[in-house]
Structures are given as C-alpha cells and as structure tokens.
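Colleague: Predicted model follows, preceded by the sequence.
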Amino acid sequence: MADLVLTTSVLEETKIQIENVLIQAGVNTVLLIDEAGNVVAACGHKTCDLDMTSLAALAAANFGATSQIAKLIGEDDFSLLFHKGKKDSVHFARISTDLILVTIFGESVSLGLVRLRVAQLAKTIEKTFGQNN
C-alpha cells in the first residue's frame, strides 16, 4: 500500500464530493477508509449513531477476506461488495488500490443509484487524491 498524504484541502474536497454525490441522493452514511480500517472521511446523517472505528475495521477485514475468496476462485479481486438488510443495506467499493468507500443506505434509495453514484465518485476521489501524491 502506498503512503497517503492527507491534507486539509484534500479531506474537505473529498467530504464535499461525498455530500454532493451520495448524501444529497438520500444515502444515510458514507465512510472512506483505508485498507487497514482507518477512517479517512465520514459523512452523513447517522455518523454520531455508529461506532465508526469498529465499522471501518470490520469493513476492511470483510474486504480482505472477500479478496482471498476471489483468489480462491481464480479472480484477482472483487471490486465491490453488497449486503442487504431489512431496513438498511451496505455497499462497499474499492477506490484505487488503497481506499474503500462504505455506503449505508435505506430502502428508499435503490442499489442501482448507489452503484452509479459510487462509480462516478470513485473517479473523482481518485483524481483528488492523485493530485496530492
């Protein structure tokens, strides 16, 4: 994993992008984490209600375990994961090689919308972080 250099301007720009693309579309909570499970950015309506540290660590571990499953079946990696609950769902997407975007949303937001918006956001975040390395 490459070293990420985080500046205030990069973090603020990333949070604005997340707010504009996902939170305004009805998503509850978004975490941008690194592969080690460290929270890089957290946005949304339910960030105070969640144990962000545990969620980030478990999400990174989940992604790591699933990566090993991919290798066992002959895939290089899975670029996204999705878990559907009764009222909330969680979408995980890899952003470049170092970051994972965790998106929590309710039944009022479609998975298709989340996937489309996350794909758009991933490109923007990659550019934002790439400009500062």
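Modeller: Thanks, I have it. Remember, predicted model here, so these are calculated numbers, not experimental data.

Colleague: Skip the chain neighbours and tell me the closest residue to G26.
Modeller: V109 (4.4 Å; Cβ to Cβ, 6 or more residues apart in numbering). In short, each C-beta sits where N, CA and C put it, glycine included.

Colleague: right, and the one you found touches I23 too?
Modeller: No: contact between V109 and I23 fails when scored by Cβ atoms under 8 Å: they sit 10.7 Å apart.

Colleague: Tell me who's in contact with S108.
Modeller: By Cβ atoms under 8 Å, 6 or more residues apart in numbering, S108 lies in contact with G26.

Colleague: Which strand or helix spans it?
Modeller: Here S108, judged by DSSP states H and E, is contained in no helix and no strand.

Colleague: The one 10 residues further on now?
Modeller: Here V118 sits within helix 111-130, counting by DSSP H and E.

Colleague: count of residues packed around the nearest residue to V118 once chain neighbours are set aside?
Modeller: The shortest distance from V118 to any non-neighbouring residue, by Cβ to Cβ, 6+ apart, is to A93 (4.9 Å). A93 has 20 neighbouring residues, counting by other Cβ atoms under 10 Å.

Colleague: Could you pull out the buried residues of the helix or strand hosting A93?
Modeller: In this structure, A93 sits in strand 88-95 according to DSSP H and E. For strand 88-95, the neighbour count (16 or more other Cβ atoms under 10 Å) marks S89, V90, H91, F92, A93, R94, I95 as buried.

Colleague: Same question for stretch 103-114.
Modeller: By neighbour count with 16+ other Cβ under 10 Å, stretch 103-114 contains the buried residues T103, I104, F105, V109, V114.

Colleague: got the end-to-end distance for that stretch?
Modeller: One end of stretch 103-114 to the other measures 8 Å (Cα to Cα, to the nearest Å).

Colleague: now it, how far from the centre of its chain.
Modeller: Relative to the centre of its chain, stretch 103-114 is centred 13 Å away, using Cα atoms, centre = their mean, to the nearest Å.

Colleague: next one: stretch 71-78
Modeller: On Cα atoms, centre = their mean, the centre of stretch 71-78 falls 20 Å from the chain's centre.
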